[in-house]
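*Asks:* mind folding the following:
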Amino acid sequence: MAVPKIKICGITAAREVQWLNENKVDYAGFVFFEKSKRNLTMPQAKALLDGLDQTVRPVAVTVSPTVELVEEIQKNGFAILQVHGILSEEVKAVCRLPIWRAFNVEHMTELVSEREGFQEGEKIEAFLIDNAQYGSGQTFDWSKLDADVLREIRTKKLILAGGLNASNIAEGIAIFQPDIVDVSSGVEKENGIGKDEEKITEFVRKVRKRHE
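*Replies:* The predicted structure is shown next:
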């Protein structure tokens, strides 16, 4: 099995950008959602993007984004649009970026219906499966993901998120064999404010360990 690519999400500081560069991760996530403690303004995000290595692809993480937000994201150098909540037809029409469609796996009927609509959508690059409360640091019940649905959503890349950390990532990879793993809370400081350099390094090491 190929080693999954790594996304570190919820980046808020220049030092964190540097840690991502040093660990040669694949993706950096920047959150545009006012209710998140990791929320950024576009100028804040742009300043962080300027320090990111070209090998690290920036992902704009949104919740039910407006056309205006998507257009601003596209103007500022992001490589991928990640969408939680509602993905409107208007947003799909104006979006020129690959889209990562995020789902709450507790609602399997929603996942099935949305999946059927996206199978022919060339803009949808990947499905991201997350906990009910994205960014909560909690894993969902991995046993509740229907095996048939899991096979079906592999019409796109599969991204595993939701409460991942260095201690459970090996199990998550073994169960889901994802193309990409996505961590945020699991590499934050104990007080939950900002990323922890050692946790980032250890998470990356655990993901890549079996392939050394």
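*Asks:* now name the helix or strand holding the one residue sitting closest to the centre of the chain.
*Replies:* The centroid of the chain falls nearest to residue 182 when counting by C-alpha atoms, centre = their mean (4.9 Å). According to DSSP states H and E, residue 182 maps onto strand 180-183.
*Asks:* also residue 73?
*Replies:* Short version: residue 73 belongs to helix 67-75, going by DSSP H and E.
*Asks:* give me the buried positions along that helix.
*Replies:* Neighbour counts over helix 67-75 (16 or more other C-beta atoms under 10 Å) mark 69, 70, 72, 73 as buried. Using the backbone N, CA and C atoms, a C-beta is placed for each residue, glycine as well.
*Asks:* can you list these in CSV and add pLDDT?
*Replies:* Compiled in CSV, these are given as follows (pLDDT from 0 to 100):
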residue, pLDDT
69, 98
70, 98
72, 98
73, 98
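*Asks:* residue 15: which of these is nearest?
*Replies:* Of all the buried residues of helix 67-75, residue 15 sits closest to residue 73, with 23.7 Å by C-beta to C-beta.
*Asks:* gap between the strand holding residue 182 and the chain center?
*Replies:* Averaging C-alpha positions (C-alpha atoms, centre = their mean, to the nearest Å) puts strand 180-183 6 Å from its chain's average.
*Asks:* next, residue 6: phi, psi?
*Replies:* Reported as degrees, to the nearest 10, the phi and psi values for residue 6 are phi -120, psi 130.
*Asks:* picking that back up, just the CA trace of the helix holding residue 73, in CSV.
*Replies:* Only the C-alpha atoms of helix 67-75 are listed here, as CSV (Å, rounded to 0.1, in the frame of the first residue of the first chain):
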residue,chain,number,x,y,z
VAL,A,67,-19.5,32.5,-4.4
GLU,A,68,-17.8,35.6,-3.1
LEU,A,69,-15.6,33.7,-0.7
VAL,A,70,-14.7,31.1,-3.4
GLU,A,71,-13.7,33.8,-5.8
GLU,A,72,-11.5,35.4,-3.1
ILE,A,73,-9.9,32.1,-2.4
GLN,A,74,-9.1,31.6,-6.1
LYS,A,75,-7.5,35.0,-6.3
